[in-house]
Each structure stands twice: as structure tokens, then as C-alpha cells.
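Colleague: Could you work out the structure for the sequence below:
(chains A and B)
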Amino acid sequence: MTHTTVITKRSLAPLLVPLGAGALVAVALGVYGKAHAPTGFAVGVAGFSGPLAMKAWLTTGAALLAIVQVLSARAMWRRTGTRSAWVAPLHRWSGRIAFLLTIPVAFHCLYALGAQYDSPRVLIHSLLGSFFYGVFTAKMLALPRRGLPGWSLPVLGGLVFTALIGLWLTSSFWFFTTLGIRL
Amino acid sequence: MSRLGPVYTLAAGAVIVVALGAASVKAAPSFQQVGAGQDTTAAAPPAEPFPAPSQEPSDQPSGEPAAKPDATPEKADYAGVVQGNGGLVAIAVRDGKAVAYFCDGRIEAWLKGTAENGTVTLEGKDSLITAALGGGKAQGRLQVGKAKWRFTAPLVKKPSGLYRASAVVRGAKIVGGWIVLPNGQEVGRVQIGGSGEPAPRFVPGTAVDYYGITLRPEEPDGFIDELAR
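Modeller: I've put the predicted structure just below:
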């Protein structure tokens, strides 16, 4: 890709603060999940048959919106053709809603259950969960910065998407295939 | 786009976390209190204020002779309220083996151990119970994580007591635990794949539906050998 050669000459410096903050968030969540005693209980979103079902569906909602994120991001970064005015707001708001949908899920995971490393699924889920919020924080803080390397946002966004899909596979997909698709 | 937009997004997430945290700290214990709902029964004397329909009051003293308070019962079931916690604890003794379950609707612990010389000592993951058996009750201490409580658990008879159901569904191990008191108070949790949640209500003698999976809670006779190996 020839066009990136110009962009990569930009400094990495504007990325340092977002990446540092993101790393702090990820480590802090992991330490909190391991250090505090799980309460076994957390207030969440009502209307589901239990906290597991609530988390499975909210995560599924976030994962579907994450697909909207990838498609709208592709439309925004396309170099040819005209860009519709609604693409950027769609990207922004689908991302915001997806992020907010994950909050009650992660809150229940970390507050009620804590980080666990007993089985591969739970271990991967625990690590990805901490990583997800770290990368998301980095992406949010990187967004308004000027002079970022051109690959910054696609890479950060791609990592956020990958982490979320991994989280969905290790939770909702497991829940639906183990206990069935039910509210 | 406002340059602060992404920061607002993060801030909105943080605000929700704080709100959920405050609500969770405030929320009342989620264990079910049915019937009279007396939390203070832990301090009650062994003569139960709420005898179960099937329970004859004269059974309790005869089950534990006062002349031999140190005798370890061959078969006994105890269940009561944990003081200062409000959760329930149940201990089942069978021929020197003992199992116990503690649950307050949020946290739970399965423990196993031995019964000898009129005392039970049980250990579980991050949990410990020591209790003296006698006078128609088990009286002792419970430690879960760093928390310590005392409890007095009177002898109980079927259908009160401890129940456990386990199943493996498509590779996932499911374990449910319930404690039923003579006054109808009940608490239980189901754990699955490193996670757990409050158990559906269980009526002794019936099955429990958990997300479409039929769980059949058993009395200690049915699981003590599997658990207390």
C-alpha cells in the first residue's frame, strides 16, 4: 500500500497517552477481578430469566452492533466514491450503544464473579475482557488526536472488534450452545 | 464531531458502572424468604418456633440423647441461619462422613469433612466449618474467604435440609444447591462453567427447571459418597 508510506512518517507520540491509559485500564480491571472477593451478585438489566441470560443477550447485541461498526468503518475509510452523510453518525452511535450494552455485562463479570483462570474458556474470557476495555479506552482517547499514524484507528478498532467477538464466542455462544437460545 | 465526544462515551460508561455499583451495594440480599421470614431463628433454642408439618416435636430430644452429648450421630441433618449474614447453612452427617453447604443467595460454598467425637470439621474451596454436635443442634463457626460467622443449626427432618443436584449438559457441569428450613425459608444457587446465579425455587420432591434443563435435587444420601470421598 503505497499511500501509507507518507502517513507512517507521522510521529507515534500522539499514541503514547491513549495506549498508556488503555494499558492502565486493562491491568486495573484484571487486578480488580482477581483481588476482590466475588460477591456472587450484581444489579443488572431486568427482564431476563437470570444474569447469565442477560449477559448472553446484551453481549450478542453488542456483537451485532460491532459488525455494523466494521461495515460503517469500511464505508468511512473507502478511498473512492462519495461518502454518505449518515455513515459517520451511524458508526459513532452504534459504537456508543455497543459499548454501553457491554457495561452491565462486564460489571456482573467483574463484581459478582471476578477473574477466573480455571478452564480455557473462562481464562480466555477473563483476559479478553480486560483487554477489550483497555483497547477501547485507547481508541476513544486516540480519536480526537491530530497527527496520528494512519493505521492507528483501523488497528485499534480492529482489535476492539476482535476482542468483542472473542468475548461473544467465549460467553454468549457458549451459553446458547450449552443451555439453548432462551431469554 | 465534538472532540470531546469519545471522552463523553467513556464517561457515560463510568457513570453506569458507578450507578450499578451503588445499586448493587444497596440491594437487599436476594435469598428467598418464604413463610414467616424470621431472620433471627439462628438465635432460637433447638425447639423450633416453626415446626414443619411432618415434624414431631418429641423427635428432637430423642434423636440426641442428653446423657451422651459427645456421641456422634450416625445420621443427622442440621440446617439453620448464619448469624450476622442471614444466609443458611446445612450440615449432613452419615457414618462419620459429613458434607455442608452454605449459601446466602450470593455466595455459596460446598464443604466436606468428617464427624467424630461429637464435632464436625469440614473444608471447601476457601471455606471452613467447625461445629459441635449435641443438644439437637450443630453449633459452630463458618469461614468463607475472609468472612467469619457463627451459626446454630438445629436438627431438621425431611423435607427440610440440604439438597444438591448435578448434571453435565453438553460438556458444562451444573451444580445446584438448596437449603430448606422447616419454616419454609429457602436459599439456593446454581453454578455452571465458572459462573453462578440464584437457583430457581425448589419444592422438595419435585424437579427444578433451569433454562430448560431438568435438575433433580437429591438428599444427602444420594450425593454424600460422591462429594465426601
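
Colleague: in chain A, which spans are helices?
Modeller: Using DSSP state H, the helices of chain A run over A:4-7, A:13-35, A:51-77, A:87-107, A:120-142, A:152-168, A:174-179.

Colleague: what packs against the second one?
Modeller: Read it as helix A:13-35. With contacts taken as 3 or more CB pairs under 8 Å, 6 or more residues apart in numbering or on different chains; DSSP states H and E, helix A:13-35 sits against helix A:120-142. Every residue, glycine included, has its C-beta placed from N, CA and C.

Colleague: The helix it packs on packs against which elements?
Modeller: When contacts are defined as 3+ CB pairs under 8 Å, 6+ apart, helix A:120-142 sits against helix A:13-35, helix A:87-107, helix A:152-168, helix B:5-26.

Colleague: please redo it, this time with the cut-off set to 10 Å
Modeller: Counting contacts by 3 or more CB pairs under 10 Å, 6 or more residues apart in numbering or on different chains; DSSP states H and E, helix A:120-142 packs against helix A:13-35, helix A:87-107, helix A:152-168, helix A:174-179, helix B:5-26.

Colleague: Need those helices in TSV (columns: mean pLDDT, mean neighbour count and distance to A:G114).
Modeller: Listed next are those as TSV, based on pLDDT from 0 to 100; neighbours: other CB atoms under 10 Å in any protein chain shown; distance: least, CB to CB, whole Å:
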stretch	mean pLDDT	mean neighbour count	distance to A:G114
helix A:13-35	91	16	5
helix A:87-107	93	19	12
helix A:152-168	94	19	16
helix A:174-179	85	18	18
helix B:5-26	90	14	14
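
Colleague: So which of the ones you listed is nearest A:L52?
Modeller: A:L52 sits nearest to helix A:174-179 of all these, at 6.0 Å, using CB to CB.

Colleague: any idea how far A:G47 lies from A:A62?
Modeller: As judged by CB to CB, to the nearest Å, A:G47 and A:A62 stand 17 Å apart.

Colleague: can you check A:L179 too?
Modeller: Distance from A:L179 to A:A62, by CB to CB: 20 Å.

Colleague: Now for A:A37, how many residues are close by?
Modeller: 12 (other CB atoms under 10 Å in any protein chain shown).

Colleague: With adjacent residues omitted, what lies nearest to it?
Modeller: Distance criterion CB to CB, 6 or more residues apart in numbering or on different chains; nearest residue to A:A37, sequence neighbours excluded, is B:G145 at 5.0 Å.

Colleague: And A:V68, by the same measure?
Modeller: Using CB to CB, 6+ apart and skipping the chain neighbours, the partner closest in space to A:V68 is A:S94 (4.4 Å).

Colleague: so who does A:V45 touch?
Modeller: A:V45 makes contact with A:P51, A:M54, A:K55, A:W57, A:L58, A:L101, A:I103, A:P104, A:V105, A:H108, B:L20, according to CB atoms under 10 Å, 6 or more residues apart in numbering or on different chains.

Colleague: okay, those residues in JSON lines with distance to A:I67 next?
Modeller: Shown next, in JSON lines, are the contacts of A:V45 (distance: CB to CB, whole Å):
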{"residue": "A:P51", "distance to A:I67": "25"}
{"residue": "A:M54", "distance to A:I67": "21"}
{"residue": "A:K55", "distance to A:I67": "19"}
{"residue": "A:W57", "distance to A:I67": "16"}
{"residue": "A:L58", "distance to A:I67": "16"}
{"residue": "A:L101", "distance to A:I67": "14"}
{"residue": "A:I103", "distance to A:I67": "20"}
{"residue": "A:P104", "distance to A:I67": "21"}
{"residue": "A:V105", "distance to A:I67": "18"}
{"residue": "A:H108", "distance to A:I67": "24"}
{"residue": "B:L20", "distance to A:I67": "26"}
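
Colleague: Now for A:A42: which residues touch it?
Modeller: With CB under 10 Å, 6+ apart, A:A42 has these contacts: A:51, A:104, A:107-113, B:20-21, B:23-25, B:27, B:106.

Colleague: same thing but at 8 Å, please
Modeller: Going by CB atoms under 8 Å, 6 or more residues apart in numbering or on different chains, A:A42 touches A:P51, A:F107, A:H108, A:Y111, A:A112, B:L20, B:S24.

Colleague: Equivalent analysis for B:F223, please.
Modeller: Neighbour list for B:F223: B:V99, B:R164, B:S166 [criterion: CB under 8 Å, 6+ apart].

Colleague: Can you get me a residue count around the last one?
Modeller: When you say that, I think you mean B:S166. 17.

Colleague: bridging residues for B:K75?
Modeller: Beta-bridge partners recorded for B:K75 (DSSP bridges): B:R94.

Colleague: Can you show me the helices along chain B?
Modeller: So, for chain B - with DSSP H - the helices run B:5-26, B:59-63, B:220-227.

Colleague: sorry, back to before: columns distance to B:G184 on top of the helices of chain A, output as CSV?
Modeller: As requested, the helices of chain A are arranged in CSV below (distance: least, CB to CB, whole Å):
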stretch, distance to B:G184
helix A:4-7, 70
helix A:13-35, 37
helix A:51-77, 25
helix A:87-107, 32
helix A:120-142, 36
helix A:152-168, 41
helix A:174-179, 29
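
Colleague: Tell me which of the ones you listed approaches B:V81 most closely.
Modeller: helix A:51-77 (24.9 Å).

Colleague: elements contacting the closest one?
Modeller: Judged by 3+ CB pairs under 8 Å, 6+ apart, the packing partners of helix A:51-77 are helix A:87-107, helix A:152-168, helix A:174-179, strand B:195-198.

Colleague: possible to save these as a markdown table with distance to A:L24?
Modeller: Output for the helices and strands packed on helix A:51-77, formatted as a markdown table (distance: least, CB to CB, whole Å):
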| stretch | distance to A:L24 |
| --- | --- |
| helix A:87-107 | 16 |
| helix A:152-168 | 16 |
| helix A:174-179 | 29 |
| strand B:195-198 | 27 |
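
Colleague: B:G124 is nearest to which of those?
Modeller: Closest approach to B:G124 among the helices and strands packed on helix A:51-77 is made by strand B:195-198 (14.3 Å; CB to CB).
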